[in-house]
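Novice: I'll drop the sequence and a predicted model, then ask my questions.
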Amino acid sequence: MTSNETIRPGEAATALPDRTDAGVYFIGHIRTPWPTRELCPRRGDPEGPECRIEIDPRWVEALEGLASNPRIQVLYWMHEARRDLVVQITRRSGQRIGTFALRSPVRPNPTASSVVELVAVEGTTVTVRGLDCLDGTPLIDLKPARD
């Protein structure tokens, strides 16, 4: 998605900075059954389908001990989200609201975090339930979920 997308009446966009301030290493990709944003659930369901997190082999040792956690936090990059809207019109209520007051994927840094049920860790593949992202979504990090 680009900032050239149509803006709904009442929404506001801003110019994006010329450069980024930091770098991110994508450590893998997420495999889900959802090929489009329209098919993605709005929230992950712990009873939902199993999804695979495929870790780049260089990071396989970082998975040591992860399997002992019943739930993990998955941080990922919503790579198809536009980044320039500062005010959005919600689809559900039609209300005008600032981007930072929404869980929308449209944000300056399209990062997402989901706490999911860990099913298995096998080699470079982590199987989970509870994700809500597109197939092929870049992975930023995995962490044990703490209550």
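Specialist: Structure received. Numbering: from 1, shown residues only.
Novice: and Val106, what is it in contact with?
Specialist: For Val106, the contacting residues are Ala81, Arg82, Arg83, Leu85, Gln88, Thr99, taking CB atoms under 8 Å, 6 or more residues apart in numbering as the criterion. Heads up, the C-betas are built off the backbone N, CA and C, glycines and all.
Novice: Quick check: it is in a helix.
Specialist: No. Assignment of Val106 by DSSP: H, G, I helix; E, B strand; the rest coil gives coil, placing it outside any helix.
Novice: pLDDT at the nearest residue to Asn109 once chain neighbours are set aside, what is it?
Specialist: By the measure of CB to CB, 6 or more residues apart in numbering, the closest residue to Asn109 outside its immediate chain neighbours is Arg83, 7.4 Å from it. For Arg83, the pLDDT comes out at 91.
Novice: quick one: Leu131 and Pro33 touch, right?
Specialist: No. With contact defined as CB atoms under 8 Å, Leu131 does not reach Pro33; the gap is 9.8 Å.
Novice: shared neighbours, those two?
Specialist: A shared contact of Leu131 and Pro33, defined by CB under 8 Å, 6+ apart, is any residue touching both; here these are Cys51.
Novice: Tell me which of those two has more neighbours.
Specialist: Under the neighbour definition other CB atoms under 10 Å, Leu131 and Pro33 were set side by side, and Leu131 has more, 28 against 12.
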